[in-house]
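S.K.: Got a sequence here, can you build the structure:
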Amino acid sequence: MKAIQKIRQLGSQWETQDPFLFCAYHLDQYPKGNDQLGPDASLAGRNIGMDFNGKDGWNMYHGRTVPGFPAHPHRGFETITIVERGLADHSDSLGAAGRFGEGDVQWMTAGKGVQHSEMFPLLNTEGENPLLLFQLWLNLPKASKMVPPHYKMLWHEDIPVVTHKDEENREIQVKVIAGTYQDTNALSPAPDSWAAQKENGVEIWLVTLAPNATWSVPTAASGLNRTLYFYEGHEIATEGYQIPKGHGLDLIPDQEITIQNGDKKGYFLFIQGKPIGEPVAKQGPFVMNSYQEINDAIAEYRQTEFGGWPWPSHDHTHDKEKGRFAIHADGKEEIRD
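M.R.: Now for the predicted structure:
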């Protein structure tokens, strides 16, 4: 029996399966930065405020001076932001803030509602500022959609990485962001997450294969949804297919599958989870179970702005001299460098 259900080509937003909603993929080769933490380059020819065209290999997105996503609301789901290269500046309506990146992960439960901004400061003024960022939207079940907002940091120094070799002594590396790999457990997710219950089988791994390495994806219980995204490298061979980079494979969890990497180092994102199996109503930044609940969310946001915006600007960035840090809504502060 074949283990691949579907193969799909990837764009900037990757299709996912329940319990995930989608995955945003950002790969930007930003130039050196200027004194305002933006690009030291002309912005002519860009649709500033809505720049997604990839001109010169990078985007401003909704940013006008600094690339990124100024203040916007969320309700009813979680964002898991994996910044493998570059940095992100977080600010939110609860007064929480942070700067993270170079392998760090932010796990944010929007719950009943929060505003946040995600800006990408270009701190290097002498050379390029590459950014590689994944943002997974993980749904919340109806019972958890209105929990208090919460965010936690998974700092890269603390995230477990499992390294082993295939039969030809070629290296396989698995960064365990959620779930378990070879008896190595990830750090705890946000407390109200669907991933917080082990029986939901949520796994999020970043996998790196050396050139020509062979990796067998561990099997799991039937009924789970799982997808392997091949985002960087040359090509892979599996089940008679030759698949170039930029493709996702929906997999049957209880069937074995072996990936033979090509002649370049291969990079993959693997996600898995038990489907929530509830109705999904989506409109922009709100994900609920019915469109009446969407209308209620919009009305409440218009009235309360989910606590308002306590920062000087909607595209707030932190001081250039600050390193990686997090300040939580309860005042707890974490400083990494």
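
S.K.: Pull the number of nearby residues for Asp319.
M.R.: Neighbour count of Asp319, defined by other Cβ atoms under 10 Å: 9. In this view, the C-beta of every residue, glycine as well, is placed from N, C-alpha and C.

S.K.: From here on, call the first residue 49.
M.R.: All right, first residue 49 from here; so that's Asp367.

S.K.: Start from the N-terminal end of the protein and give the helices.
M.R.: 339-352 (DSSP state H).

S.K.: show me where pLDDT drops low in it?
M.R.: For the chain, the stretches with pLDDT under 70 are 49.

S.K.: check contacts around the residue most central in space within the chain.
M.R.: Central residue of the chain (Cα atoms, centre = their mean): Gln183, 2.3 Å from the mean position. Counting by Cβ atoms under 8 Å, 6 or more residues apart in numbering, Gln183 makes contact with Cys71, Ala72, His74, Thr127, Ile128, Thr129, Ile130.

S.K.: out of those residues, what pair is the most spread apart?
M.R.: His74 and Ile128 (13.9 Å; Cβ to Cβ).

S.K.: Have a look at these two and say which one is more surrounded.
M.R.: A direct count of neighbours by other Cβ under 10 Å for His74 and Ile128 places Ile128 higher, at 26 against 20.

S.K.: Show me what the residue nearest to the centre of the chain is bridged to.
M.R.: Ala72, Thr129 (DSSP bridges).

S.K.: before we move on, back to that, which one of the contacts of Gln183 is nearest to Ile319?
M.R.: Using Cβ to Cβ, these come closest to Ile319 at Cys71, 7.5 Å.

S.K.: so who does the spatially closest residue to that closest one that is not a sequence neighbour touch?
M.R.: Leaving out its chain neighbours, the residue that sits closest to Cys71 by Cβ to Cβ, 6 or more residues apart in numbering is Trp62, at 4.1 Å. Shown in contact with Trp62 (Cβ under 8 Å, 6+ apart): Phe70, Cys71, Ala72, Tyr73, Tyr277, Gly296.

S.K.: Please indicate which of those are buried?
M.R.: Cys71, Tyr73, Tyr277, Gly296 (16 or more other Cβ atoms under 10 Å).

S.K.: just the residues you listed now: which is nearest Asp378?
M.R.: Cys71 (29.6 Å).

S.K.: so the closest one makes contact with Leu58?
M.R.: No. Applying Cβ atoms under 8 Å, one finds Cys71 not in contact with Leu58, separated by 9.1 Å.

S.K.: Could you tell me which residues touch both of the two?
M.R.: Common neighbours of Cys71 and Leu58 (Cβ under 8 Å, 6+ apart) are Tyr277.

S.K.: Among the buried ones among the contacts of Trp62, which one lies nearest to Thr211?
M.R.: Distances from Thr211 to these, taken by Cβ to Cβ, are shortest for Tyr277, at 20.6 Å.

S.K.: wait, doesn't that closest one sit right on Phe68?
M.R.: No. Counting by Cβ under 8 Å, Tyr277 sits too far from Phe68 to count as a contact (11.3 Å).

S.K.: okay, and the common contacts of the two?
M.R.: With Cβ under 8 Å, 6+ apart as the test, Tyr277 and Phe68 both reach Ile319.

S.K.: ok, and what's touching stretch 321-333?
M.R.: Stretch 321-333 has contacts (Cβ under 8 Å, 6+ apart) with 65-69, 120-123, 186-187, 189-190, 242-243, 247-251, 271-274, 335-339, 341-342, 346.

S.K.: buried sites along it?
M.R.: Gly321, Lys322, Ile324, Ala329, Lys330, Pro333.

S.K.: Same check on stretch 208-217?
M.R.: Going by 16+ other Cβ under 10 Å, stretch 208-217 has these buried residues: Val210, Asp214.

S.K.: And that stretch, end to end?
M.R.: 21 Å (Cα to Cα, to the nearest Å).

S.K.: Need the residues that contact that stretch.
M.R.: By Cβ under 8 Å, 6+ apart, stretch 208-217 touches 219-224, 229-230, 232-235, 260-263.

S.K.: Now list the buried members of these.
M.R.: Of these, these count as buried by 16+ other Cβ under 10 Å: Ile220, Gln221, Val222, Lys223, Val224, Tyr229, Ala234, Leu235, Ala261, Thr262, Trp263.

S.K.: Which strand residues bridge the fourth one?
M.R.: Assessed by DSSP bridges, Lys223 has beta-bridge partners Val209, Leu254.

S.K.: Surely it touches Ile207?
M.R.: Yes. Counting by Cβ under 8 Å, Ile207 is a contact partner of Lys223 at 6.1 Å.

S.K.: quick one: contacts for Lys380?
M.R.: Contacts of Lys380 by Cβ under 8 Å, 6+ apart: none found.
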